[in-house]
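**Student:** Structure, please.
(one chain, ligands or ions: 3)
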Amino acid sequence: MSSATSAPSPDDHFTFGLWTVGNPGRDPFGVETRAPLDPVDTVHRLADLGAYGVSLHDDDLVPFGSVAAERDRIVARFEGALKATGMKVPMTTVNLFTQPVFKEGAFTANDPQIRRFALKKAADAIDLGVELGASVFVLWGGREGCEVDAAKPIAAALDRLAEAVDLLCDYAIEQGYDLRIALEPKPNEPRGDILLPTVGHALAFISELEHPEMVGLNPEFAHETMSGLAFNHGVAQALWQGKLFHIDLNAQRAGKFDQDYRFGSEGVRDAFYLVKLLEDTGWDGMRHFDSHAYRTEDADGVWEFAAASMRTYLILREKARRFHADPDITAAMEEAQVAGLREPTTPEGGLRAIRAADYDLAALGAQGYGMERLDALVDELLLGVR
Ligand code: GCO
Ligand code: MN
Ligand code: MN
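**Tutor:** Numbering: from 1, shown residues only. Ligands and ions are numbered 1, 2, ... in the order given. The predicted structure is shown next:
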């Protein structure tokens, strides 16, 4: 494993979407500022930087509308780059948002023909992912939502979304694929409102599915933050429920458009608590970056962005190690009674004993927890003076 000061290595399990480093700098007000990247070159560049692998949408690799022979040629060439570098493809996904056909939705479009085409595209994308060795298939419903509530009965849309996920699970089972589906919540953008807007909504939705054991989450830092929620809390709950299948790391300021900034560039404290959570719980999945370089950047800036994403993670991982080794922090956590939370509430005698006991409310209400000190120590750690 790499230390904070050494270069990342494949053991660190860093992955990038082809669409992330490949982001051409287009925004709603301006055209591309960078040339497209060849996925084969991307694999080589990321391997040189110490990444473990790449992820992709079907259309990132095989342009939409390619005929079968062209698809096979592109995939074979890409597999050659994977073989040459040892890079892996742990996750793939399907683009159900770019083409005009999906403007009113994909799995939840009002027109059944569009829903059927979306399923056909998703099943093809599952085949592609499995061919490349992926064991996680992400579903991000970018167009599954609405602006005009009169035109989208939400319960019916959720029925159709559940039907689509059930069909894809059945397909993976029939094919004997070793594949799990990870839903990615997002509150809005590109739709005014998107279905499954938060981690909590998505967790609740999974319990209504036919194969809930096959379906989990791909939460994203930016998406929970857009809703003003604590990302690390959402991830902690997903882990607690055995539902963290994958994760999208980036940065975001609450109250702004979907920024997809470089991990750690905003909200460094949240980023620290997230890294600490993943490391403390022994998360053995990917550290996947779903972000892009600023529009100001040329190709060099893009590779700088990729290297810095991994470096920031490694620095925060080192901070998490120091957090545990710091005697002042340990003492402050004792004062804050952190260990008490791990103790079961129920004493011998159960609720009857709880009700029979006396509680010194004056003393309990008067005790201090020393959390200002603990919090300031974490600030010192993050600011580099501990
Ligand atoms: C976004 C999303 C996407 C998805 C990707 C995978 O806000 O644009 O995060 O980047 O993660 O499409 O499905
Ligand atoms: Mn995003
Ligand atoms: Mn994402």
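
**Student:** okay but E279 is in contact with K319, surely?
**Tutor:** No: in this structure E279 lies outside contact range of K319 using CB atoms under 8 Å: 10.0 Å. Where C-beta positions appear, they are placed from N, C-alpha and C, glycine not excepted.

**Student:** State the pLDDT value of M1.
**Tutor:** pLDDT, M1: 66.

**Student:** rewinding a little: of E279 and K319, who's got more company?
**Tutor:** Shown here are E279 and K319; by other CB atoms under 10 Å, K319 has more neighbours (20 against 17).

**Student:** Looks to me like the more buried one is in a strand.
**Tutor:** No: assigned with DSSP: H, G, I helix; E, B strand; the rest coil, K319 falls outside any strand and is helix.

**Student:** Make residue 1 into 23 and carry on from there
**Tutor:** OK, 23 is where the count begins now, so the last one is K341.

**Student:** so who does it touch?
**Tutor:** By CB atoms under 8 Å, 6 or more residues apart in numbering, the residues touching K341 are 294, 297-298, 403-404.

**Student:** For ligand 3, see how far away it is.
**Tutor:** 25 Å (CB to the ion, to the nearest Å).

**Student:** Check N210 too.
**Tutor:** Plainly put, N210 is 14 Å away from ligand 3 if you go by CB to the ion.

**Student:** Tell me the backbone dihedrals of that residue, please.
**Tutor:** Main-chain dihedrals, N210, degrees, to the nearest 10: phi -170, psi 170.

**Student:** What segments of the stretch 173-322 of the chain are helices?
**Tutor:** In the stretch 173-322 of the chain, the helices defined using DSSP state H, counting those that start in this stretch lie at 176-197, 221-228, 243-248, 253-262, 290-302, 321-347.

**Student:** Where does the residue nearest to L68 when sequence neighbours are not counted sit, in terms of helix or strand?
**Tutor:** Once flanking residues are discounted, L68 sits nearest to F38: 5.8 Å by CB to CB, 6 or more residues apart in numbering. Here F38, judged by DSSP states H and E, is contained in strand 36-39.

**Student:** what about the residue in the stretch 273-408 of the chain positioned nearest to ligand 1, how many residues close to it?
**Tutor:** In the stretch 273-408 of the chain, the residue that lies nearest ligand 1 is D312 (4.7 Å; CB to the nearest ligand atom). Per other CB under 10 Å, the neighbour tally for D312 reads 25.

**Student:** now swap in the one 3 residues further on and tell me
**Tutor:** For A315, the count of nearby residues is 26 (other CB under 10 Å).

**Student:** that older thread, I'd like the next helix or strand past the strand holding F38.
**Tutor:** Next along the chain from strand 36-39, counting by DSSP H and E, comes helix 40-43.

**Student:** So which bits of the helix or strand that that following helix is followed by are buried?
**Tutor:** Heading C-terminal from helix 40-43, the first helix or strand you meet, by DSSP H and E, is helix 61-71. By 16 or more other CB atoms under 10 Å, the buried positions in helix 61-71 come out as 61-62, 64-65, 67-69, 71.

**Student:** Take those residues and write them to TSV, including pLDDT and distance to ligand 3.
**Tutor:** Output for the buried residues of helix 61-71, formatted as TSV (pLDDT from 0 to 100; distance: CB to the ion, whole Å):
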residue	pLDDT	distance to ligand 3
P61	98	18
V62	98	23
T64	98	18
V65	98	20
R67	98	21
L68	98	18
A69	98	22
L71	98	21
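
**Student:** filter these by proximity to ligand 1?
**Tutor:** Among those, no residue lies close to ligand 1 (CB under 6 Å from any ligand atom).

**Student:** Please report how far W262 lies from L239.
**Tutor:** Separation of W262 from L239 (CB to CB, to the nearest Å): 12 Å.

**Student:** ok, these two, which is more surrounded?
**Tutor:** Neighbour count, other CB under 10 Å: between W262 and L239, L239 has more, with 27 against 11.

**Student:** what are the bridge partners for the residue of the stretch 23-172 of the chain found nearest ligand 1, then?
**Tutor:** Using CB to the nearest ligand atom, the single residue of the stretch 23-172 of the chain nearest to ligand 1 is W162, 3.3 Å away. Using DSSP bridges, the bridge partners assigned to W162 are E206.

**Student:** for it, what are its contacts?
**Tutor:** 115, 119, 205-206, 208, 240.

**Student:** and what of L299?
**Tutor:** 254, 257-258, 261, 305.

**Student:** For I337, which non-adjacent residue is spatially closest?
**Tutor:** A26 (4.8 Å).

**Student:** from what I can see the one you found touches Y335, true?
**Tutor:** No: counting by CB under 8 Å, A26 stays clear of Y335, with 9.5 Å between them.
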